[in-house]
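Novice: next come a sequence and a model predicted from it.
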Amino acid sequence: MLKIDHVSASIAGNTVLRGISTEFNAGQLLAVVGRNGAGKTTLLRAMMGLVPLSAGTIAMNGDDLSRVPAHRRTSLGIGYAPEDRVMYPTFSVEENLRLPCDVLGLDVTEIDQRLARVLEVVPQLREMLPRSGSALSGGQGKMAALGRALMVGTRLVLLDEPFQGLAPVLANQYAESLRRLHEISPELCIVVTESNRSLLRDLPDATLILERGELVEGEDS
Ligand SMILES: Nc1ncnc2c1ncn2[C@@H]1O[C@H](COP(=O)(O)OP(=O)(O)OP(=O)(O)O)[C@@H](O)[C@H]1O
Ligand SMILES: [Mg+2]
């Protein structure tokens with residue numbers, strides 16, 4: 001579904017991604033594991049069009065994404081929960097979740113249906129909906145960011161280090177949500193990065209290892 005072909009990228013003159021080639025397929029729950037600074041965030045940002053490629057291509061179902069600007073990639077069904085999970089503080093959590101769908105021009109019925117599905121996957125979000133986007137703890141913010149990514153990520157969801165810093169109870173709930181998501185949406189491809197592999201438990205179907213911007217031979221987990 002998403003084909004990454006010999007992708008390189010530089011930030012501030014330093015090469016951060018070096019000739020990455022891999023493919024993400026429908027229905028996979030994939031982990032990208034690598035130490036701090038390995039390039040995990042940059043890889044996700046490159047997929048979202050937020051980091052320019054210095055070489056290579058990223059294609060979705062055969063279409064080269066270089067022609068799709070970052071703000072249009074959500075319209076392809078790609079959802080992204082960045083590490084810093086920013087919520088708009090002047091909006092409620094519900095408004096934060098609905099916003100990317102409004103931007104896509106989806107009608108209210110469709111947005112309602114998506115929200116209902118998200119609440120099925122992440123039931124803890126229900127009680128947070130009326131709260132201000134600024135009134136969430138770090139862990140709750142991660143749950144909300146997952147929900148927001150799922151509102152638009154109907155084909156591919158990219159989650160950047162979601163388990164980092166989560167208290168054990170919340171980490172268990174988050175893992176449960178991903179399992180439910182994998183079951184409820186069997187066609188969805190879910191990509192999770194993590195620097196600490198043990199936080200992923202037995203969730204991923206397969207694990208890619210990123211070292212200094214390169215994918216190295218990694219065993220399936
Ligand atoms: N804005 C920036 N300016 C300069 N260098 C950057 C910038 N962002 C990232 N880098 C460099 O790019 C490399 C990869 O960073 P990236 O954030 O992708 O790693 P990561 O695997 O996500 O790390 P972490 O586990 O700490 O989140 C690092 O060496 C980092 O120093
Ligand atoms: Mg990172």
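Specialist: Yep, that arrived. Ligands and ions are numbered 1, 2, ... in the order given.

Novice: who in the chain is up against ligand 2?
Specialist: Counting by C-beta under 5 Å from the ion, the positions of the chain adjacent to ligand 2 are 40-41. All C-beta spots, glycine's among them, are computed from the backbone N, C-alpha and C.

Novice: which stretches of the chain form helices?
Specialist: Chain-ordered helices for the chain, with DSSP state H as the definition, fall at 40-47, 70-73, 93-104, 108-121, 138-152, 168-184.

Novice: pick out the shakiest of these, pLDDT-wise.
Specialist: Taking the mean pLDDT of each of the helices of the chain, the lowest value is held by helix 70-73, a mean of 89.

Novice: need the contact list for L97.
Specialist: Under the criterion of C-beta atoms under 8 Å, 6 or more residues apart in numbering, the contact partners of L97 comprise 115, 118, 125, 129, 144, 147-148, 151.

Novice: can you list the residues of this structure near ligand 1?
Specialist: For the chain, the residues in contact with ligand 1 (C-beta under 6 Å from any ligand atom) are 11-12, 14, 16, 34, 36-42, 195.

Novice: if you rank these by neighbours, which is first?
Specialist: Counting neighbours by other C-beta atoms under 10 Å, G39 leads the residues of the chain next to ligand 1 with 27 neighbours.

Novice: so how far is G213 from it?
Specialist: Relative to G213, G39 is positioned 4 Å away (C-beta to C-beta, to the nearest Å).

Novice: ditto for S185
Specialist: Relative to G213, S185 is positioned 31 Å away (C-beta to C-beta).

Novice: now swap in R72 and tell me
Specialist: The span separating R72 from G213 equals 27 Å under the rule C-beta to C-beta.

Novice: more neighbours: the two, which one.
Specialist: For R72 versus G213, the count of surrounding residues by other C-beta under 10 Å is larger for G213: 21 against 13.

Novice: tell me what the residue nearest the centre of the chain is bridged to.
Specialist: In the chain, the centroid-proximal residue (C-alpha atoms, centre = their mean) is L158; its distance is 1.8 Å. According to DSSP bridges, Y80, V191 are recorded as the beta-bridge partners of L158.

Novice: which ones are touching the residue of the chain with the smallest separation from ligand 2?
Specialist: Shortest the chain-to-ligand 2 distance, computed as C-beta to the ion: residue-wise this is T41, at 3.1 Å. Taking C-beta under 8 Å, 6+ apart as the contact definition, T41 lies against 82-83, 160-161, 193.

Novice: go on, E23?
Specialist: Applying C-beta under 8 Å, 6+ apart, we find E23 in contact with 1-4.

Novice: which of these fall within strands?
Specialist: Secondary structure assignment (DSSP state E) places 2-4 from the contacts of E23 within strands.

Novice: quick check, nearest of the residues you listed to ligand 1?
Specialist: Of all those, the one sitting nearest ligand 1 is I4; the distance, using C-beta to the nearest ligand atom, is 14.6 Å.

Novice: can you give me the neighbour number for that closest one?
Specialist: Here the neighbour count serves as a burial measure; for I4 (other C-beta under 10 Å) it reads 21.

Novice: then S21?
Specialist: Counted by other C-beta under 10 Å, the residues lying close to S21 total 11.

Novice: state the pLDDT value of it.
Specialist: As summarised for this prediction, S21 has a pLDDT of 97.
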